[in-house]
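1. what shape does this take:
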Amino acid sequence: MIKITDKISISETELHEDFMRSSGAGGQNVNKVETAVQLRFDARNSPNLPDYVRAKLQTLAGRRTTKNGEIVITAQRHRTQERNRADALERLVALIQEAAKRTPYRVATKPTFGSKVRRLDEKKQRSGVKKLRSGPDAD
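-> Numbering: from 1, shown residues only. Sure thing, here's the model as predicted:
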């Protein structure tokens, strides 16, 4: 089991890894070694994720989500397959942790009577200052 938070863990059997050749410069090594990793996680059908995490995860993943609800993370930053596997797993865990965060909601409040009075007094005072700036013809 891979621990995400205190209450959420996912099974390693839910992850599927595919290996492919990395793109970009790298010399002779890049043409013969499959070091890039494509990690797939079926978020939509995962029994270990609560509904609110599943919904937010789909939103956060964005383009990395397939039509079937799978999250695909490709890692090819490092030269070795093991480091790329660890990198992809870390990125998936970070994504799920971000989705698991509960955002506190704002409680709507009304301005107090005193704050309304102070605001109107300040507006009257400012209006008076501006009237004094104009010439004697203004009224």
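2. low-confidence stretches in the chain?
-> 3, 6, 9, 11, 23-32, 138-139 (pLDDT under 70).
3. can you point out the buried residues in stretch 96-113?
-> Residues of stretch 96-113 classed as buried: Ile96, Ala99, Ala100 (neighbour count, 16 or more other CB atoms under 10 Å). Placement of C-beta: from N, CA and C, glycine included.
4. oh, that last question was meant for stretch 77-97, not what I typed.
-> Neighbour-count burial for stretch 77-97 flags His78, Gln81, Asn84, Arg85, Asp87, Ala88, Leu89, Arg91, Leu92, Leu95, Ile96 (criterion: 16+ other CB under 10 Å).
5. picking that back up, between the buried residues of stretch 96-113, which is nearest Ser127?
-> For the buried residues of stretch 96-113, the residue nearest Ser127 by CB to CB is Ala99; the value is 50.6 Å.
6. related to what we said a few turns ago, identify the farthest-apart pair in the buried residues of stretch 77-97.
-> For these, the maximum inter-member distance is 22.8 Å, found between Gln81 and Ile96 (CB to CB).
7. confirm that Asn68 sits in a helix.
-> No: with DSSP: H, G, I helix; E, B strand; the rest coil as the criterion, Asn68 is assigned coil and is not in a helix.
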